[in-house]
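1. Predicted structure and sequence below. I'll ask about it afterward.
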Protein chains: 2
Amino acid sequence: MGRWEPNARGRLGRAAMELYVERGFDQTTVADIAERAGLTKRTFFRHYADKRDVLFVGTALLTEVVARAVTEAPADLSPVAATTRALEAAAGIVQERPEDVRMRQAVIDAHVELQERELVKLAALATDLAAALQARGVDVWTARLLAETGLAAFRVAFARWIADNAEGPLTRLVTDSMEELAAAVAKP
Amino acid sequence: MGRWEPNARGRLGRAAMELYVERGFDQTTVADIAERAGLTKRTFFRHYADKRDVLFVGTALLTEVVARAVTEAPADLSPVAATTRALEAAAGIVQERPEDVRMRQAVIDAHVELQERELVKLAALATDLAAALQARGVDVWTARLLAETGLAAFRVAFARWIADNAEGPLTRLVTDSMEELAAAVAKP
DNA sequence: ACATCCGATGACACCGGATGTCATCACTAG
DNA sequence: CTAGTGATGACATCCGGTGTCATCGGATGT
């Protein structure tokens, strides 16, 4: 593979995370990351789109899982039930490594630029979710509405999970969040 | 005030918008903007946090309007009704200048960096909305849930309004969006 | 075993966004 | 008339991000 040590991408990713935690995201230059990984700045950008990208490589998996959960859900499931199921599947992935997730989120919460990227990734996830719902025959705008609001509920559940020090399963909080949403917006 | 022509900030903002529309956001350098405004690059950054900021100075008004709508709503209004009212108030502001809004949105939709900033601004709006709801006595997490999902519904209504070429009032679409949400997540 | 090719990396230059610093000018208060 | 204040210009600098070409090592084919 590479010319020197193997797994350049992995080394770069690890070095970046270490430095982000050690001294903070914007106290870390790309040159620092490359140096710790024993590579050059140019090589970093061959593996990651930008400095923030390191923290968001995992989201591709979420997209997969969400889309599959919707398409594999029983056909007689209501749109909102299918949405809930997809979000629970995503929650299942997220809660697998609580410590890593919390550390990563601490870094993100401390920097607006990282929140920007996270919101874009979640918006893309919502778009994919909406497309999957549409494929089930849900109306375009209903699908987008369910996807966007569902993901909003997920975000709140996630924030609560982080605030609760990740006690209890995130899946449970997601389910509760969707139920509370139904209760909160219900006609009196 | 200034040393030369007055209203440096306004001239910079106008020059920036013109150039973003004329040749695109990332084909425009800050030096270009400053030159067209008859000022220097350094002065641009004294008036705007960054190149994107020009497009988002108006959102402060939205925050005000949303917060006021919630605090001034009758005390017996349900949380979701207060939320809907706030979002309708925001829609009222947005739909006042359809052409400007559409042009601005076209620029934003063409550049991920701008979508990033927009999502952050909307997230901040959600936070303020949640705080206003909390001030009405709504539980913290219920407030956040309503604010985030309400704003998600607003985004979908806005996207639909843009897609519909801004025919019909945005306020109507927002109201419908909230009703459709209630219908979509209701227990069968 | 040898030559060849190809992908990954290094080296270097460069652009542009963003910031710090200091001088300078206009306006205002007294 | 002078001192002070705030906005601006001029200059230097850092760093993120990109283009370009050389170079190295492993894989491949004969």
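-> Yep, that arrived. Because the structure is a prediction, the values reported are computed rather than measured.
2. Can you name the residue of chain A nearest DNA strand C?
-> Residue nearest to DNA strand C within chain A (CB to the nearest atom of the strand): residue A:8, separated by 3.0 Å. From N, CA and C alone the C-beta is placed, and that goes for glycine too.
3. and that residue, how many neighbours does it have?
-> Residue neighbour count, defined by other CB atoms under 10 Å in any protein chain shown, stands at 20 for residue A:8.
4. same question, the one 5 residues further on
-> Using other CB under 10 Å, residue A:13 has 20 other residues around it.
5. which residues are there in chain A that come within reach of DNA strand D?
-> Chain A comes close to DNA strand D at residues A:1, A:3, A:26, A:28-31, A:41-42, A:45, A:49-52, as judged by CB under 7 Å from any atom of the strand.
6. Which ones among the residues you listed lie within helices?
-> The members of these that map onto helices under DSSP state H are A:30, A:31, A:41, A:42, A:45.
7. how near is the fourth one to residue B:97?
-> This points to residue A:42. Separation of residue A:42 from residue B:97 (CB to CB, to the nearest Å): 46 Å.
8. Which of the two has more residues huddled nearby?
-> residue B:97 (12 against 9).
9. Please name the residues that touch that one.
-> Under the criterion of CB atoms under 8 Å, 6 or more residues apart in numbering or on different chains, residue B:97 has no contact partners.
10. So what does it look like in phi/psi?
-> phi -130, psi 80 (degrees, to the nearest 10).
11. got it, and residue A:178?
-> Dihedral angles (degrees, to the nearest 10) for residue A:178: phi -70, psi -40.
12. Can you get me a residue count around it?
-> Residues lying near residue A:178 (other CB under 10 Å) number 24.
13. Skipping adjacent residues, who's closest to it in space?
-> Computed as CB to CB, 6 or more residues apart in numbering or on different chains, the closest residue to residue A:178 that is not its neighbour in sequence is residue A:84, at 4.8 Å.
14. Please apply the same query to residue A:54.
-> Distance criterion CB to CB, 6+ apart; nearest residue to residue A:54, sequence neighbours excluded, is residue A:16 at 4.3 Å.
15. Chain A: helices as residue ranges?
-> A:8-23, A:30-37, A:41-47, A:59-72, A:79-94, A:98-109, A:112-135, A:140-163, A:170-185.
16. Generate JSON lines for these, with mean pLDDT as supplementary columns.
-> Putting the helices of chain A into JSON lines (pLDDT from 0 to 100) gives the following:
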{"stretch": "helix A:8-23", "mean pLDDT": "96"}
{"stretch": "helix A:30-37", "mean pLDDT": "97"}
{"stretch": "helix A:41-47", "mean pLDDT": "97"}
{"stretch": "helix A:59-72", "mean pLDDT": "97"}
{"stretch": "helix A:79-94", "mean pLDDT": "98"}
{"stretch": "helix A:98-109", "mean pLDDT": "96"}
{"stretch": "helix A:112-135", "mean pLDDT": "98"}
{"stretch": "helix A:140-163", "mean pLDDT": "98"}
{"stretch": "helix A:170-185", "mean pLDDT": "98"}
